[in-house]
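K.L.:
Take this sequence and fold it.
(one chain, ligands or ions: 2)
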Amino acid sequence: MKNEGIEGTERFLSPGKGRGLRATKHFKVGDLVFACPAYAYVLTVNERGGHCECCFTRREGLSKCGKCKQAYYCNVECQRGDWPMHKLECSAMCTYGENWCPSETVRLVARIILKQKCQTERTPSERVLTLRELEAHLDKLDNEKNEMNDTDIAALHHFYSRHLDFPDNAALTELFAQVNCNGFTIEDEELSHLGSAVFPDVALMNHSCSPNVIVTYKGTVAEVRAVQDISPGEEDNAKMEIRQKLSTPPEEEEIKQMVMYARNVIEEFRRAKHYKNILHWPFLF
Ligand SMILES: [Zn+2]
Ligand SMILES: [Zn+2]
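P.N.:
Ligands and ions are numbered 1, 2, ... in the order given. Next up is the predicted model:
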């Protein structure tokens with residue numbers, strides 16, 4: 001796939017302000033700006049049995065992998081679709097039993113390494129930013145983060161060496177740093193944690209405490225929607241910004257602002273939905 005970009009948006013690079021994604025057309029509140037399939041993803045261990053490992057569908061009566069009896073699927077297609085990734089873990093889970101305990105980040109990184117090996121062309125998840133271009137912020141790694149990285153690299157070698165050839169430690173440190181800075185957690189409608197994923201195109205957007213787009217998930221696809229009107233031309237308004245990532249628990253004042261922000265967003269969505277219903281536009285929500 002060649003670099004096709006995302007319709008209605010463009011990648012920018014401004015001196016001193018870094019890179020990002022901005023609108024080249026008008027987006028109304030509620031509009032889908034773009035959808036991005038996960039480059040790589042992993043279902044969280046706690047949700048095994050309730051969700052399909054391949055498409056994340058939640059339902060009763062999923063069928064389990066006959067070998068490890070730990071991964072569950074909708075049907076044979078989903079099982080086949082997930083096998084290239086599941087095989088990284090299937091026999092290791094049988095061998096290690098209860099001692100099989102790589103972190104979710106390690107599981108995701110193993111999948112990324114495998115994907116990078118089999119996928120040499122640009123993927124549909126990388127229309128404006130490739131995985132290799134993700135920021136690593138290696139200069140911001142303190143001792144604590146370095147130690148975490150070393151633990152993760154050791155776990156990766158321990159649990160995944162049978163099916164993977166690893167890049168050298170410097171490349172692995174960079175990859176873990178990229179995933180830690182840019183990884184997304186996938187949540188269901190009740191905001192409970194379903195898994196982790198990387199969405200390179202979504203990661204191009206900057207973070208803000210008053211975002212103009214939000215990310216929701218349909219299975220393992222991230223959907224980016226406008227929660228404020230976005231107009232091209234005006235520099236600050238055209239920039240697409242997602243919710244600030246929290247590295248420390250928020251202060252009381254921040255929580256108040258977040259609650260207020262959430263109320264406003266819900267209010268805006270209700271209004272947008274109402275208008276769309278009146279006008280008989282395609283049902284978006
Ligand atoms: Zn499925
Ligand atoms: Zn299995």
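K.L.:
does residue 232 sit in a helix, a strand or a coil?
P.N.:
The three-state label given to residue 232 by DSSP: H, G, I helix; E, B strand; the rest coil is coil.
K.L.:
near ligand 2, which residues of the protein show up?
P.N.:
Proximity of the chain to ligand 2 (CB under 5 Å from the ion) is limited to residues 65, 67, 68, 71, 90. Backbone N, C-alpha and C define where each C-beta goes, glycine included.
K.L.:
So which of these wins on neighbours?
P.N.:
residue 71 (24 neighbours; other CB atoms under 10 Å).
K.L.:
and whichever residue of the stretch 151-285 of the chain sits closest to ligand 2, backbone torsions?
P.N.:
Nearest residue of the stretch 151-285 of the chain to ligand 2: residue 163, at 12.7 Å (CB to the ion). The phi and psi values for residue 163, taken as degrees, to the nearest 10, are phi -110, psi 0.
K.L.:
Okay, domains of this protein per the record?
P.N.:
What automatic domain parsing lists as the domains of the chain is 1-38+200-285, 52-198.
K.L.:
mean pLDDT for the ones you listed: which is lowest?
P.N.:
Looking at the domains of the chain, the lowest mean pLDDT belongs to domain 1-38+200-285 (a mean of 80).
K.L.:
Now the terminal residues of stretch 6-25, how far apart.
P.N.:
One end of stretch 6-25 sits 11 Å from the other (CA to CA, to the nearest Å).
K.L.:
any idea how far it is from the chain center?
P.N.:
20 Å (CA atoms, centre = their mean, to the nearest Å).
K.L.:
ok, back up a step: select, out of the domains of the chain, the one closest to ligand 1.
P.N.:
domain 52-198 (3.1 Å).
K.L.:
So the closest one, near ligand 1 or not?
P.N.:
Yes - with CB under 5 Å from the ion as the measure, domain 52-198 is seen reaching ligand 1 through 52, 54, 55, 57, 74, 78.
K.L.:
how distant is that domain from the center of its chain?
P.N.:
Chain-centre distance of domain 52-198: 11 Å, with CA atoms, centre = their mean.
K.L.:
follow-up on the earlier one: out of the residues of the chain next to ligand 2, list just those in strands.
P.N.:
The strands, defined by DSSP state E, take in nothing from those.
K.L.:
Grab the two from the residues you listed that are most spread out in space.
P.N.:
Checked with CB to CB, those reach their widest spread between 67 and 71, with 9.0 Å between them.
K.L.:
Are there residues contacting both of these two? Which ones?
P.N.:
By CB atoms under 8 Å, 6 or more residues apart in numbering, residue 67 and residue 71 have these common neighbours: residue 90.
K.L.:
Please consider this matter closed, and thank you.
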